[in-house]
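Engineer: From the sequence below, what's the structure:
(chains A and B)
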Number of protein chains: 2
Amino acid sequence: MIMEVIEAIQTRRSIRRFKPEPLQEEHLKKILEAAQQAPSAGNKQPWHFIVVRDPDTKARLGEIARNQTWISNAGVIIVALAMDKKSPLVYEKWAERDVMIAVEHMVLSAWSMGYGTCWIGAFTEEDIKDLLDIPQEMTVINLLPIGVPDVNPEKRSRKPFEEIFHYERYTTIT
Amino acid sequence: MIMEVIEAIQTRRSIRRFKPEPLQEEHLKKILEAAQQAPSAGNKQPWHFIVVRDPDTKARLGEIARNQTWISNAGVIIVALAMDKKSPLVYEKWAERDVMIAVEHMVLSAWSMGYGTCWIGAFTEEDIKDLLDIPQEMTVINLLPIGVPDVNPEKRSRKPFEEIFHYERYTTIT
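Structural biologist: Model prediction:
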């Protein structure tokens, strides 16, 4: 199963209920490669990712994420980290931002192969660092459960064009 | 011209030289729709985009972007803005980050239709705000020139899998 870029972007939904099925290894590999290929400021690639499949760890991540226990049904949970933004190896302003690009590459490539994901940003960062031995100086950006969708959500509304796009200069709508 | 998600992610390059051709209107519309559909924390959609086609404004943006004058050959330059992160309408932590997702949607959808882009992050923010009447409380995230590629760059290197992916917990490579 493959999918065209604009179709993937237009049909993607956040999936919050998964069938208890694993990801195929070859699909997981393609998803991780999609993150690896993301652009970043100065090609610094200021990211690390932890691939969690252990059931106990997934369950604990669900608890830490404000009891969103449904994420433990995902075949894999990716924990996305920004490198120490004070490190000379990265650009401070871009370290956290660039991770977003790599994660969205996973979101879209997963969707194109029939998997659902959901950006999870509500959690106690310290608890995740403790659980997964993450160095203190890194930033946990998000959790990304990836699994086989067991739900087909409606499209959520988006702001209309005239509210977000401006032409030639910023114009306040009055 | 259309392209599959993983192919687009794998073949995309940053394009720094454009043919002096405009974007087709229908293509530009699809690119903007791709940004509009991006996910964001709490669906807050904390973004605005200025679509610049005026030659003088494009030229001035190139100067402000550390004299990267080549960007003025792009058919369009998108100026991506994060809404005031102190506003109750957005989540402070996610306002700047979420804009990255929407911009990468433009990057990938443009590439899938044969257009090249380049994330431009080096510029004097105040000068862009002055030029385009952007409210002071907003953040200019990046410029995104979009145009017809006049160059076919080599793939830049990426860190190997074992340097960025960890399994079950963070492990320091020794």
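Engineer: A:Trp111 belongs to a helix, doesn't it?
Structural biologist: Yes. A:Trp111 sits within a helix when classified using DSSP: H, G, I helix; E, B strand; the rest coil.
Engineer: okay, now the spatially closest residue to it that is not a sequence neighbour: neighbour count?
Structural biologist: What sits nearest to A:Trp111 in space, not counting adjacent residues and going by C-beta to C-beta, 6 or more residues apart in numbering or on different chains, is A:Arg12, at 4.8 Å. Where C-beta positions appear, they are placed from N, C-alpha and C, glycine not excepted. Applying other C-beta atoms under 10 Å in any protein chain shown, we find 22 other residues in the vicinity of A:Arg12.
Engineer: check contacts around A:Arg12.
Structural biologist: By C-beta atoms under 8 Å, 6 or more residues apart in numbering or on different chains, the contact list for A:Arg12 reads A:107-108, A:111, B:37, B:39.
Engineer: Which ones among those map onto helices?
Structural biologist: Counting by DSSP state H, the contacts of A:Arg12 place A:107-108, A:111 in helices.
Engineer: For A:Val140, state which of those residues is nearest.
Structural biologist: Distance to A:Val140, by C-beta to C-beta, is smallest for A:Val107 among the ones in helices among the contacts of A:Arg12, at 17.3 Å.
Engineer: The nearest residue to the closest one once chain neighbours are set aside: neighbouring residues, count only.
Structural biologist: Leaving out its chain neighbours, the residue that sits closest to A:Val107 by C-beta to C-beta, 6+ apart is A:Thr117, at 4.9 Å. Counted with other C-beta under 10 Å, residues neighbouring A:Thr117 total 29.
Engineer: Return the distance of A:Thr117 relative to B:Ser87.
Structural biologist: To B:Ser87, A:Thr117 is 28 Å away according to C-beta to C-beta, to the nearest Å.
Engineer: Just say helix, strand or coil for A:Glu21.
Structural biologist: coil.
Engineer: Dig out what the nearest residue to it once chain neighbours are set aside forms beta bridges with.
Structural biologist: Among residues not flanking A:Glu21 along the chain, A:Val148 sits closest, at 4.6 Å (C-beta to C-beta, 6+ apart). Beta bridges link A:Val148 to A:Lys19, judged by DSSP bridges.
Engineer: A:Ile15 versus A:Val148, what's the distance?
Structural biologist: Remark: distance between A:Val148 and A:Ile15 (C-beta to C-beta) = 9 Å.
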